[in-house]
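Asks: Give me coordinates for this.
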Amino acid sequence: MTQSDSTQDRHFLPPWADVTQNGPDDFTELNDSNGIYVTDSAGNELLDGPGGMWCVNAGHGREEIIEAVTRQMRGLSYASPWTMATPITTQLSARLASLAPGDLNNVFFTTGGSTAVDSALRFSYFYNNCLGRPEKKHVIARINGYHGSTYLSSSCSGKMREKLQMDMKDDTIHLIPCPKPNSRPKDVSIKAFCDEKVADLENKILELGADKVAAFVAEPILASGGVIVPPDGYFKRCHAVCKKYDVLFIADEVVTAFGRLGYHFASEDVFGVVPDMITTAKGLTSGYVPMGALFIADHLMDDIKNASNDARYFTNGFTYSGHPVAAAAAMANLDIFEKDNLLDHVRAISPYFRDSMQSLADIPVVTDLRVAGLMAGIEVELDADNPNEDRDCDFALKVDESCQKHGLLVRPIYNACVMSPPLTITKPQIDDMVQRLRAGFTDAIRDLS
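Replies: Residues are numbered from 1 along each chain as shown. Model prediction:
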């Protein structure tokens, strides 16, 4: 593992840092990238298994995006979104609205996924205020879901280990159980489990009072929870429950939008749902420049307009909302999707990716393999009969370290090893990735003895 200079990186405080340590001196320093590979400062080429962080969808080193960003910077590097408009951002808004499902035609740009979710939650409050329902402010989310790092979005996140030493808003945020099929008792069928998880949502709404619940926020696939794939029909049935009780349905597609499951948006094309709001980021620019976007349905805007003739200002926004350089990156990224038929490629290669990942099921410590599109979570337990989360999380870190020695980056999330490679990956590259992953597991298991 190539480490960065500890005398310099003591000044860099990264996300999720142990602040008792004097800098992240065990970080690998990356200097270069191309396609599905990155290169460290020692010249070692590493296959980018996590695709950055679910985001480098078009692959590294795309000259189309680099040129578009450079051209935009030379022309107009910044304009205030409060008082000015730019052609590139206006064009991007129209293009995105044309791709979004249903009547999600209003595009509110943010700085990333956290601020997109935060804006969606704030809009749900704003919406109910405009409709004269100031008590309708409770939000329901799920254990093992992840929605961001702002105060509101992190409060809705259900990764419990990450909440222990941080303050969260808990008076109006409510977490219901995770819809993870492998967690069900052995004598419970998938259908019965799905019924139970949908009932969890309805029961929570009834417990709080439908007149008090503003929104349900949910990822179609619980990505940072370890690629948790709910039972078939779960997402759609939850949407129906929300409609029944007049609760806004917010689909958090920060990970699943822009190709990860083979479509620009997964909500309708994969899960049969047209949400009231969709949050996106990551694949919107393939990670080249920070940008997020919240999609808001026309019918919500119409409800506000019909409630009063008075002006209603959604006083939420960011210095970098609709940044022209980020918009240029997003436009070039979408051009690549079209030019390379990238969505068709993902849909065609996903079954091969699934079968290849599932070939690892014979590894003794692997207890669950979850795959959807080009994302996978490989859950490990050293002793399934004697659960120990700390022990298994430590082992996942060892797998990550071992894989890197074999030229593969893995993202350990608790006791799962997560893969979400660039969407450009080919079958031979999948074979190579799985071979390196198996070698990493083999080494980590051997080191236990």
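Asks: all contacts plus neighbour counts: C-alpha atoms, from now on.
Replies: Noted.
Asks: Residues contacting stretch 312-325, please?
Replies: Outside of stretch 312-325, the residues within contact range by C-alpha atoms under 8 Å, 6 or more residues apart in numbering are 69, 72-73, 76-81, 86, 88-89, 108-111, 119, 122-123, 126, 130, 289, 291, 304.
Asks: Narrow those to those in helices?
Replies: Residues of the contacts of stretch 312-325 located in helices (DSSP state H): 69, 72-73, 88-89, 119, 122-123, 126, 130, 304.
Asks: could I get these as TSV with neighbour count?
Replies: TSV is the format used below for those (neighbours: other C-alpha atoms under 10 Å):
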residue	neighbour count
Val69	24
Gln72	18
Met73	15
Ile88	20
Thr89	22
Ser119	23
Arg122	16
Phe123	19
Phe126	21
Cys130	20
Ile304	20
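Asks: Nearest to Phe258 among these?
Replies: Here the nearest of the ones in helices among the contacts of stretch 312-325 to Phe258, counting by C-alpha to C-alpha, is Thr89; it sits at 17.7 Å.
Asks: still on that earlier bit, tell me the one among the ones in helices among the contacts of stretch 312-325 nearest to Lys136.
Replies: Distance ranking of the ones in helices among the contacts of stretch 312-325 against Lys136, using C-alpha to C-alpha, places Phe126 first at 10.3 Å.
Asks: So the closest residue to that closest one other than its chain neighbours, which state does it fall into?
Replies: Nearest non-adjacent residue to Phe126, counting by C-alpha to C-alpha, 6 or more residues apart in numbering: Phe314, 7.0 Å away. The local conformation at Phe314, judged by DSSP: H, G, I helix; E, B strand; the rest coil, is coil.
Asks: before we move on, what about the one 3 residues further on?
Replies: Of the three states, Gly317 takes coil according to three-state DSSP.
Asks: now the helix or strand in which Asp400 is found: how far from the chain's centre is it?
Replies: Asp400 is part of helix 389-405, with elements assigned from DSSP states H and E. The chain centroid and the centroid of helix 389-405 are separated by 22 Å, computed with C-alpha atoms, centre = their mean, to the nearest Å.
Asks: So which bits of that helix are buried?
Replies: When burial is assessed from 16 or more other C-alpha atoms under 10 Å, helix 389-405 yields the following buried residues: 392-393, 395-405.
Asks: Please convert those residues to JSON lines, extending it with distance to Tyr320.
Replies: As requested, these are exported to JSON lines (distance: C-alpha to C-alpha, whole Å):
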{"residue": "Asp392", "distance to Tyr320": "40"}
{"residue": "Cys393", "distance to Tyr320": "37"}
{"residue": "Phe395", "distance to Tyr320": "40"}
{"residue": "Ala396", "distance to Tyr320": "37"}
{"residue": "Leu397", "distance to Tyr320": "35"}
{"residue": "Lys398", "distance to Tyr320": "39"}
{"residue": "Val399", "distance to Tyr320": "38"}
{"residue": "Asp400", "distance to Tyr320": "35"}
{"residue": "Glu401", "distance to Tyr320": "36"}
{"residue": "Ser402", "distance to Tyr320": "39"}
{"residue": "Cys403", "distance to Tyr320": "37"}
{"residue": "Gln404", "distance to Tyr320": "35"}
{"residue": "Lys405", "distance to Tyr320": "39"}
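Asks: And the ones in helices among the contacts of stretch 312-325, which is closest to Arg438?
Replies: Of all those, Arg438 sits closest to Val69, with 38.5 Å by C-alpha to C-alpha.
Asks: Which residues are in contact with the closest one?
Replies: Listed by C-alpha under 8 Å, 6+ apart, the contact set of Val69 reads 325-326, 328-329.
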